[in-house]
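Visitor: need a structure here:
(chains A, B, C and D)
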4 protein chains.
Amino acid sequence: MSRNRLEVFSDAVFAVAITLLAMNLAVAGPGHGPLLHQVADHWPSFVVYLISFLTIGLIWVNHHPLIENVAVVDRTLALLNLVLMVFVVLIPGETATVGKYLALGGQDARVAVLMYTAAFMGMGLSFAGIFEWSMSSGRLRQRLPKRARWKARLQFGVASVLYLAAVAVAFVSPPVALAIIAAVPVYYIFERLPVIGPPAGDRQQ
Amino acid sequence: MSRNRLEVFSDAVFAVAITLLAMNLAVAGPGHGPLLHQVADHWPSFVVYLISFLTIGLIWVNHHPLIENVAVVDRTLALLNLVLMVFVVLIPGETATVGKYLALGGQDARVAVLMYTAAFMGMGLSFAGIFEWSMSSGRLRQRLPKRARWKARLQFGVASVLYLAAVAVAFVSPPVALAIIAAVPVYYIFERLPVIGPPAGDRQQ
Amino acid sequence: MSRNRLEVFSDAVFAVAITLLAMNLAVAGPGHGPLLHQVADHWPSFVVYLISFLTIGLIWVNHHPLIENVAVVDRTLALLNLVLMVFVVLIPGETATVGKYLALGGQDARVAVLMYTAAFMGMGLSFAGIFEWSMSSGRLRQRLPKRARWKARLQFGVASVLYLAAVAVAFVSPPVALAIIAAVPVYYIFERLPVIGPPAGDRQQ
Amino acid sequence: MSRNRLEVFSDAVFAVAITLLAMNLAVAGPGHGPLLHQVADHWPSFVVYLISFLTIGLIWVNHHPLIENVAVVDRTLALLNLVLMVFVVLIPGETATVGKYLALGGQDARVAVLMYTAAFMGMGLSFAGIFEWSMSSGRLRQRLPKRARWKARLQFGVASVLYLAAVAVAFVSPPVALAIIAAVPVYYIFERLPVIGPPAGDRQQ
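Guide: As a prediction, this is how the structure comes out:
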C-alpha cells in the first residue's frame, strides 16, 4: 500500500472528525431564551470542544513521525490504523454527550465522562500498538538504538497510561478526569517525538 | 485521469462515510432517562457501527490493490468507481436505520436489514465489476496467469456471494443476515489479495 | 498555486457533498408508521439522490480534463473554481428540499425544483466560465485548433443550455425539469471530453 | 513533517467546513408554511452563507503562498496551523447562529454577530501569527527584503485589523459589522499576495 494513500485517508478522517466537533456547539435557536444565556449554559461544550480538538490535532501531528518511520506500509499497518480510526471517529459523538451531561453532575455525568475517557484510552492504546508493531525487527527505516527505543516507547506510551488513569478517575470525579485528558495534548505540544526516518527535508519539496 | 485524483476522491468518500457512521451513536440527551439506559438501549447501533466500519475499512484496504494494478485510469474506471461510491455513501444511513429498528423485531427489522444488506450487495457487485473490467485484455500492468486470475476472481468475488446470501436470509432472520455481513471483513482481514502491480516499495517513498 | 492543492480541495468538496446527499434518505424512525411505508413515501428522495449523485460525480470526472489542460494554476483559476464550489455545496440542501416537496405538487414543488435547477445552472455556467477563461490565449498547455475549440466549447457548454431550459420548464412541469437535469450526466457518460494536456500516461504512475 | 500532509489536512478541513456551511440553508420542510415564504424568511442565512463561504475560500487561497514560502514544515508550524483550524471549524456553527438571529435584531442579533466576528478575528490573528513566525530568521525559502516584508505584513495583516474593527462595531450595528467582514475577502480577491517561494511553475506539473 502506498504511504500516501494511508496518509490521505487518515488526514481526511482527522479533518472530518475535527470539523464535526464544532457542530456540537450549535445553540437551539430562537424561542429557547436569550442567546447569551444559551451560550453561557453551553460552557461545558466549549471546554470539551477544546480538549477534543487539541487531542485529535496532536494525534494528527504525532501520526506523522509514526507512519513516516515505517519502512513498508503493508496491510497489517493499514488494519492497525483502521483500529485507531474506530476510536478517532467516536470522539465527536462522545464530546457531544459530555457537553450535554457534565453540568448536570451525578451518575449521568460520570457515565458520559467514562465513555469519553474510554474512547481516548482506545485511541491511545491503538496508537501505542502501532508503535510497538513498528518496533519489531526490520519494520523501521532506521534501527533505533535500545536506549532510544525505550525513550520513544515512553513518549508514545505516556498518553495510554494517563488515559487509563482518567478512566479510573471518571468514577470518582468527572472534572479531574477531564483535566487529565486535557493534560495529554499539552504534554505533546512541548515534547519532541523522535523522527528517525529520512533526513530532514527529504520529503519537503 | 491521474490515478492520484481517483484515489484522493475515493479516500475522502470512505473517510467521510466512516466518520458519519459514528454520528448514529449519539444519544437523545437529558430528559430521555438515565444516560446508562439510553446507551444500553442503543446496543444494536454499536453492533452495526462496528460491522459497517470494518466493512468500509476493508473496502478501502482492498480498493488499493484493485486500482494499483490497473495500468491506465480512464473515464470508464472513473464511472465504475462512481457506481461503487453510490453504495458506499448509502451505508451510514442504512446503518442508522438498522440501529433504530433491529431490537424492535418483526416486519420493520426485516425491512431495515434487507435494505442494509442490499446496499452491501450493491457495493460488493460493483467492486467485483471493477475487478472483472480490469481483467479484460491489456488493462492490468502485468498479465495474470490464468490460474491466478481465477484465484483473484474468487478472492474479490466471495463478498458478493455472501452479500447475496445475506439479502436472502434477511427475509427469514435479520440477526443471521447481519452475522453473514460481519463475516466478510473478517475474511478479508486474514486473506491476502494479490498485488500484481509494481514491485513492492515502488511507490512507498 | 500547485495543481495538486486545487485538485485535493475540489475532490474533498465533491466527496463531502456526495456523502451528505445520502443523509437526506434517512427515515424518521420508529413511531412514524411501518418502515416499508416510510421508505415508499420517500421515493422522490431516492430519485433526486441518484440525479444529484450522478451529476456531482460527472462534474468531478469532467473537472479533471478541464484543470489538467490548464498550463498554470493561478489565483484567478482558484477563484473561478471557488465560484463553482459555491454551487456544488448547495446541491445536497436543494436535493433534500426537492425530496420533501416534489410529491406534494403545486406551488411548493415548483419552487423546490426551481431552486434545484437554479443551483445546477449556476454550476454549469461557472464550469463553462472556467472553460472559456482557459481558452484565452496562452492558458492551455497545447493550443487547440479553432475547430476543436468549438467542439470542446459545445461539449462543455451543452450542460448550461440544458440547465437553463430546466429552470424555464420548472415553472410549468417540475418532473420534466428533473428529467432534463437527469439527462445531462447521462450525456457526459457517453461523450468523450477532449484531453489536450500531457500525453496519456504522463501523470499515471 | 511533509508539506503535503499539512496541506491535505488543511484542505480537507476547509472543504468540510465549506460544505457544512450550506447545511444551514435547509428549510424546515412541509407543514411550516409555503416554501417561498420559508426561503424568503431565510434571507439572512443566504447572506452570511456567501460571506462565510468567500472568507473560508480566500483563506484557503491565501493559505497556499503562506505555507509554500516556508522552507521547512516543522511541529511548530503544524501547531500554529491547528490554532488556525480551531477558528475555521467554528465558522459553520457561528454562521448558522447569525442566520437564525440577525433578522430578530436586538440583543440576540448583537450577541450572534459578536461571536461570528470573534471567530473571524481569531482566524485572522492566527493567520497573521503564522506569517510573523515564518518571517523570523531562516524560515522562508528566500529572504524577503525589508521593504517587501512590511508590504507582505500589511497585506496579510489588514484582515486582522478589519476583524478587530468588526468586533467593536458588532456592539453598535450588526449589519455594519457584517459589511466589514464581507469586505475582507473582496479585498483579497483583488490584492496579490507575494509568492516568494520556488520560481513559478516549479510544483505545477
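Visitor: switch to C-alpha atoms for all contacts and neighbour counts from now on
Guide: Will do.
Visitor: where does chain A dip in pLDDT?
Guide: A:137, A:192-205 (pLDDT under 70).
Visitor: please redo it, this time with the cut-off set to 80
Guide: Scanning chain A for pLDDT under 80 picks out the ranges A:1, A:137-138, A:141-145, A:148, A:156, A:191-205.
Visitor: residues of stretch A:175-192 that come out buried?
Guide: Buried residues in stretch A:175-192, counted by 16 or more other C-alpha atoms under 10 Å in any protein chain shown: A:P175, A:A177, A:L178, A:I180, A:I181, A:A182, A:V184, A:P185, A:Y188.
Visitor: which secondary structure elements does the helix or strand where the first one lies contact?
Guide: Following DSSP states H and E, one finds A:P175 within helix A:174-190. Under the contact definition 3 or more C-alpha pairs under 8 Å, 6 or more residues apart in numbering or on different chains; DSSP states H and E, helix A:174-190 sits against helix A:43-68, helix A:106-135, helix A:146-170.
Visitor: how near is A:T76 to B:E68?
Guide: Using C-alpha to C-alpha, to the nearest Å, A:T76 is found at 18 Å from B:E68.
Visitor: compare these two (neighbour count), which wins?
Guide: B:E68 (21 against 13; other C-alpha atoms under 10 Å in any protein chain shown).
Visitor: number of nearby residues for the closest residue to chain C within chain A?
Guide: Relative to chain C, the nearest point of chain A is A:A12 (8.4 Å; C-alpha to the nearest C-alpha). Close neighbours of A:A12, defined as other C-alpha under 10 Å, add up to 27.
Visitor: what helix or strand is it on?
Guide: Element membership for A:A12, per DSSP H and E: helix A:3-23.
Visitor: that helix: what's the following helix or strand?
Guide: Following helix A:3-23 in sequence, per DSSP H and E, is helix A:35-41.
Visitor: so is that next one next to chain D?
Guide: Yes: Helix A:35-41 comes into contact with chain D (C-alpha under 8 Å from any C-alpha of the partner chain), by way of A:L35, A:L36.
Visitor: okay, buried residues for that helix please.
Guide: A:L35, A:V39.
Visitor: list of residues touching that helix?
Guide: A:V27, A:A28, A:G29, A:H32, D:D108, D:V111, D:A112 (C-alpha atoms under 8 Å, 6 or more residues apart in numbering or on different chains).
Visitor: just the CA atoms of that helix, as PDB, please.
Guide: What follows is helix A:35-41, C-alpha atoms only, in PDB (Å, rounded to 0.1, in the frame of the first residue of the first chain):
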ATOM      1  CA  LEU A  35     -28.800  33.800  23.100                       C
ATOM      2  CA  LEU A  36     -26.300  35.000  25.800                       C
ATOM      3  CA  HIS A  37     -27.900  32.600  28.300                       C
ATOM      4  CA  GLN A  38     -27.900  29.700  25.800                       C
ATOM      5  CA  VAL A  39     -24.200  30.200  25.100                       C
ATOM      6  CA  ALA A  40     -23.400  30.600  28.800                       C
ATOM      7  CA  ASP A  41     -25.200  27.400  29.600                       C
END
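Visitor: off-centre distance for it?
Guide: Per C-alpha atoms, centre = their mean, to the nearest Å, the displacement of helix A:35-41 from the mean C-alpha position of its chain is 29 Å.
Visitor: please apply the same query to stretch A:29-49.
Guide: Its chain's C-alpha centre and that of stretch A:29-49 lie 26 Å apart, by C-alpha atoms, centre = their mean.
Visitor: and that stretch, how far apart are its ends?
Guide: Stretch A:29-49: ends 20 Å apart by C-alpha to C-alpha.
Visitor: how close does the nearest residue to A:R141 once chain neighbours are set aside sit to chain D?
Guide: Distance criterion C-alpha to C-alpha, 6 or more residues apart in numbering or on different chains; nearest residue to A:R141, sequence neighbours excluded, is A:A71 at 4.6 Å. Note on A:A71: its distance to chain D, by C-alpha to the nearest C-alpha, to the nearest Å, is 16 Å.
Visitor: so, in contact with chain B or not, stretch A:111-122?
Guide: Yes: for stretch A:111-122, a contact with chain B is found by C-alpha under 8 Å from any C-alpha, at A:V111, A:A112.
Visitor: residues of chain A that sit close to chain B?
Guide: So chain A meets chain B at A:1-5, A:8-10, A:12-13, A:16-17, A:72-73, A:75, A:78-79, A:82, A:86, A:89-90, A:92-94, A:96-97, A:100-101, A:108, A:111-112 (C-alpha under 8 Å from any C-alpha).
Visitor: kindly recompute the last result at 6 Å.
Guide: A:S2, A:R3, A:F9, A:A12, A:V13, A:V89, A:L90, A:G93, A:D108 (C-alpha under 6 Å from any C-alpha of the partner chain).
Visitor: nearest spatial neighbour of the last one, skipping sequence neighbours?
Guide: Distance criterion C-alpha to C-alpha, 6+ apart; nearest residue to A:D108, sequence neighbours excluded, is B:L35 at 5.4 Å.
Visitor: for A:V89, see how far away A:V167 is.
Guide: From A:V167 to A:V89 the distance is 19 Å (C-alpha to C-alpha).
Visitor: please say which of those two ends up with more neighbours.
Guide: A:V89 (28 against 24).
Visitor: contact partners for the more buried one?
Guide: A:A17, B:T19 (C-alpha atoms under 6 Å, 6 or more residues apart in numbering or on different chains).
Visitor: next one: the one 5 residues further on
Guide: With contact set as C-alpha under 6 Å, 6+ apart, A:E94 has these partners: A:Y116.
Visitor: which SSE is it in?
Guide: Going by DSSP H and E, A:E94 is part of helix A:91-101.
Visitor: follow-up on the earlier one: the helix holding A:A12 vs helix A:43-68, what angle?
Guide: Computed by axes from the mean of the first three to the mean of the last three C-alpha atoms, to 10 degrees, the angle separating helix A:3-23 from helix A:43-68 equals 180 degrees.
Visitor: need the contact partners of helix A:3-23.
Guide: A:V73, A:V89, A:P92, B:D11, B:A12, B:A15, B:Q204, D:F9, D:A12, D:V13, D:V89, D:L90.
Visitor: ok, stretch A:103-113 next?
Guide: So stretch A:103-113 is contacted by A:V98, A:Y101, A:L102, A:A170, A:F171, A:P174, B:L35 (C-alpha under 6 Å, 6+ apart).
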